[in-house]
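>>> Got a predicted structure plus its sequence, pasted below:
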Amino acid sequence: LITINYGATNINDLEADSNVFYAAGMLNTGINITIAAHVEKIPDYLFYSQTTSAIPNIARVRQYTDGVGLTIGDYAFYGCENLVQLSCYIIGVGDYSFYACVNLTGALNLSFVQTIGDYAFYGCESVSSLTFYDLMTVGDHAFYNCNSLTSLNIPQYVERIGDYAFAEGVNIEEILFEAEDCADFTENSQPFYNLGNSVLNTSVTFSDTVTHIPAYIFYSEYESVICSINSLTIGENVQSIGVYAFFYCTDIEEISYNAVSVEDLTRQSNVFYCAGVENSGITVVFGEGATRVPAYLFYGASNSSPPAITSVTFSSTITEIGNYSFYNSVDLVEIIFNCIELYDFTENSAFYHAGYYTNGVTVIFNEGVTRIPALMFETNYLGGTGRVHLSSCLLFTSAAADDLIGVDLGGGRIIKKKRGGGGGGGGG
């Protein structure tokens, strides 16, 4: 058997023991299947064989013209390891449909697919790229061990991603996550288990369409098998971040935070638990447009668990820094303030223990800063045991100070810049 022209529209789903194409095409270079445009479904188990050695030798599955929309039934091409090409107008993929099609090669256009079943492309290790657009649901283990993928785009309307859906994507270098409100995960979900661990340079971007970063999305259960994210970008419309979202992402080096206003977190959120501890530290930059830092964002419960933040830059639009947001940031060496109007602190806990493991924190207030909030670095918290370890404080005064109007230091004192003097001053 060399060619199958498939035009059937009313075939009922088959069973596992049907074995319709048992050992078909085994003595040639592979069967080419052409599916007519009017076909709506490939039945369950159509090309399935109970005997591994008798799986039909299918090489290509194609539609030459766009059809009405094709659904691939459960187990339809299960184990067809010689299948190299899939080119159809597909709108649905069932459970185990292309399980272990290890030679399915190149780019898969799944633009019109809304639902992908459990284990649908499990072990399709030669697939190099995926195109989604209408996607809403991805099943458990759907793309497990698709280890030739180098990039991934999760589109806006995705509502659910199953357990281990993209696990072992060890060569993925870039993820663009656009899902507006994807459902939270659990500690057992691990949809991106072992992400990027062959490239060690993966970037993850949550686009401006995202309003919620799901709980446990890049959670790593074991320190030895982590999601190897190097850089992280958080879009401006994110309003909430789920618990344990980046737990044990120990390779993070850069965080670009652009969210305008995110709900406060809690002591139990542990969003960035141990993030960045395997590299030289994390540089955090709050972009123009971000207005507040939520409470407990980079909270570390103890000196051994905080994210390894070394540098923080606050944009001019930041007006509020939440309590405990940098609590136990013991690796911090630099804070750069560009905040034009930052609210006073009600507690002095935002930077508790900052710089404890370093030679101290250099704090820079750049030009444009009009006031330094009260209690920002006040050191009497818990009898002084949690003091901020400042090494130097550089105040680059604004045009207001140039005109001898002065700079408000949060109810402390007024510093005026000397005429003809340099741009710095201040003390630690």
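Looks like it arrived, so ask away.

>>> ok, now which ones touch Val170?
For Val170, the contact set (CB atoms under 8 Å, 6 or more residues apart in numbering) comprises 147, 194-199. For the C-beta atoms, the positions are set from N, CA and C on the backbone; glycine is no exception.

>>> I'd assumed Ser53 was in a helix, is it?
Yes: counting by DSSP: H, G, I helix; E, B strand; the rest coil, Ser53 is part of a helix.

>>> What about it, how many residues nearby?
When neighbours are defined as other CB atoms under 10 Å, Ser53 has 7 of them.

>>> again, but for Ile309
Residues near Ile309, counting by other CB under 10 Å: 26.

>>> Go ahead and confirm it touches Phe326.
Yes: using CB atoms under 8 Å, Ile309 is in contact with Phe326, at 6.9 Å.

>>> can you pull out the helices in the chain?
399-402 (DSSP state H).

>>> Ranking by neighbours, what's the top pick from the contacts of Val170?
Among the contacts of Val170, Leu195 has the most neighbours (other CB under 10 Å), with 27 neighbours.

>>> How about the contacts made by that residue?
By CB under 8 Å, 6+ apart, the contact list for Leu195 reads 166, 169-170, 172, 175, 202, 218, 227-229.

>>> which one of these is nearest Gly355?
Nearest to Gly355 among those, counting by CB to CB, is Ile229 at 24.8 Å.

>>> Which strand residues bridge that closest one?
Note on Ile229: beta-bridge partners Thr202, judged by DSSP bridges.

>>> Kindly report the same for the one 5 residues further on.
In this entry, Ile234 is beta-bridged to Phe206, Tyr257, by DSSP bridges.

>>> correct me, but it touches Val260?
No: when contacts are counted by CB under 8 Å, Ile234 is not listed as touching Val260 (10.7 Å).

>>> out of these two, which sits in the busier spot?
Taking neighbours as other CB under 10 Å, Ile234 and Val260 compare with Ile234 leading, 22 against 15.

>>> How much space separates that one from Ser269?
The spacing between Ile234 and Ser269, counted by CB to CB, to the nearest Å, is 15 Å.

>>> go on, Val284?
Here Val284 is placed at a distance of 17 Å from Ser269 (CB to CB).

>>> residues near the residue lying closest to Glu81 once chain neighbours are set aside, how many?
Once flanking residues are discounted, Glu81 sits nearest to Val102: 5.2 Å by CB to CB, 6 or more residues apart in numbering. By other CB under 10 Å, the residues close to Val102 number 17.

>>> OK, contacts around Val102?
Going by CB under 8 Å, 6+ apart, Val102 touches 81, 123-126.

>>> Can you check the distance spanned by stretch 4-11, start to finish?
Start to finish, the residues bounding stretch 4-11 are 15 Å apart (CA to CA, to the nearest Å).

>>> in it, what counts as buried?
Of the residues in stretch 4-11, Ile4 count as buried by neighbour count, 16 or more other CB atoms under 10 Å.

>>> average pLDDT across that stretch?
Mean pLDDT, stretch 4-11: 94.

>>> And for it, what's in contact with it?
With contact meaning CB under 8 Å, 6+ apart, stretch 4-11 is reached by 31-36, 38-40, 42-43, 46.

>>> try 7 Å
Contacting residues not belonging to stretch 4-11 are listed as 31, 33-36, 38-40, 43 [CB atoms under 7 Å, 6 or more residues apart in numbering].

>>> Tell me how far that stretch lies from the chain's centre.
Centroid separation for stretch 4-11 versus its chain: 42 Å, with CA atoms, centre = their mean, to the nearest Å.

>>> One more: stretch 172-182?
So, by CA atoms, centre = their mean, the centroid of stretch 172-182 is 6 Å from its chain's centroid.

>>> now the end-to-end length of it.
21 Å.

>>> Please apply the same query to stretch 116-131.
Using CA to CA, one end of stretch 116-131 lies 13 Å from the other.

>>> heads up, I number from 557, so please use that
Shifting the count to begin at 557 puts that one at stretch 672-687.

>>> pLDDT averaged over that stretch, what's the number?
97.

>>> residue ranges with poor pLDDT in the stretch 857-984 of the chain?
For the stretch 857-984 of the chain, applying pLDDT under 70 flags the ranges 859, 903-904, 934-943, 945-984.

>>> quick one: the strands in it?
Assigned by DSSP state E, counting those that start in this stretch, the strands in the stretch 857-984 of the chain fall at 865-870, 876-877, 890-893, 917-921, 946-951, 963-964, 970-971.
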